[in-house]
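what follows is a protein structure lacking sequence information:
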């Protein structure tokens, strides 16, 4: 973008004496110069917007890195401390045997199950299989579909479960990009369990608000800045 602005400004500087020295009338020369001035102004505005946009993306990526790191630390801490699946099913059976007026599942049980599921899925990464869907997740957790829907009511809808799985795939893709910026779109999509690059880009943008290309570009700029600072 800077090169375009410099080139246009140089063209404007050279075009001014050329227009007046050629056979163009004063009105024609002023019109040409005016058009070039407008082009330079547009490029300057676009350049400022691009710089501002890149700054926002960089800040968002720094925040994203902190969030991903915090998520990993949280899952490592709580993943082994929550109740086992057998204990959760036993609690669920006791609650089902109570009168109908009593709540079937308390929020604590739902949260406990989700934390256990989230930690285990992220640790073993079954979602790297493109066929991993709602029912595969149910089988992975070793419970019946009815039990799963009671312990994770927010994922009764298979489509919503797939959104959750794709968010995990997008999170995994972001981590891969941090360590392997040279990987192609196809490589990352395949490693994360997406069926194609379109699904990968869509899920990544849905999860983080930016495309993988913008994320990677910002990451590269961040690394360059760090290298420059370390060199100085």
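Yep, it's here. Keep in mind that what you see is a predicted model, and the values were worked out from it rather than measured. Numbering: from 1, shown residues only.

now the strands for this structure?
In the chain, no strands are found when defined by DSSP state E.

low-confidence stretches in it?
1-26, 28-30, 48-107, 220-232 (pLDDT under 70).

now with 50, please.
Judged by pLDDT under 50, the chain has its weakly predicted residues at 74, 78-79, 83, 100-106.

show me where it has helices.
Ranges of helices in the chain, per DSSP state H, are 2-21, 26-78, 85-96, 107-124, 134-141, 145-151, 158-179, 185-192, 197-208, 212-231.

and the fourth one with helix 134-141, angle?
With axes from the mean of the first three to the mean of the last three C-alpha atoms, to 10 degrees applied, the angle from helix 107-124 to helix 134-141 works out at 90 degrees.

what's helix 107-124 packed up against?
Applying 3 or more C-beta pairs under 8 Å, 6 or more residues apart in numbering; DSSP states H and E, one finds that helix 107-124 contacts helix 26-78, helix 85-96, helix 134-141, helix 145-151, helix 158-179. Every C-beta, even on glycine, is put in place using the N, C-alpha and C of the backbone.

quick one: buried residues of that helix?
Within helix 107-124, the residues that count as buried by 16 or more other C-beta atoms under 10 Å are 109-110, 112-122.

let me know the closest of these to residue 44.
Closest approach to residue 44 among the buried residues of helix 107-124 (C-beta to C-beta): residue 122, at 45.7 Å.

hmm, residue 168 and the closest one touching each other?
Yes. The criterion here is C-beta atoms under 8 Å, and residue 122 meets it with residue 168 at 6.6 Å.

how near is residue 151 to residue 113?
4 Å (C-beta to C-beta, to the nearest Å).

no wait, residue 198
Distance from residue 198 to residue 113, by C-beta to C-beta: 33 Å.

what's the closest non-adjacent residue to residue 129?
residue 193 (5.8 Å; C-beta to C-beta, 6 or more residues apart in numbering).

tell me the contacts of that neighbour?
Shown in contact with residue 193 (C-beta atoms under 8 Å, 6 or more residues apart in numbering): 127, 128, 129, 130, 132, 165, 169.

may I see the buried residues of stretch 164-181?
Buried residues in stretch 164-181 (16+ other C-beta under 10 Å): 164-174, 177-178.

columns distance to residue 155 on top of these, output as TSV?
Formatted as TSV, the buried residues of stretch 164-181 follow (distance: C-beta to C-beta, whole Å):
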residue	distance to residue 155
164	6
165	10
166	13
167	12
168	13
169	16
170	17
171	17
172	19
173	21
174	22
177	27
178	28
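
number of residues surrounding residue 40?
Residue 40 has 19 neighbouring residues, counting by other C-beta atoms under 10 Å.

one step back: make TSV from the buried residues of helix 107-124 and add distance to residue 204 to it.
TSV is the format used below for these (distance: C-beta to C-beta, whole Å):
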residue	distance to residue 204
109	32
110	28
112	29
113	27
114	23
115	24
116	26
117	22
118	19
119	22
120	23
121	18
122	17
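
closest one to residue 40 out of these, please.
residue 122 (50.7 Å).

any idea how far residue 113 is from the closest one?
Separation of residue 122 from residue 113 (C-beta to C-beta): 15 Å.

with residue 179 instead?
31 Å.

same question for residue 172.
22 Å.
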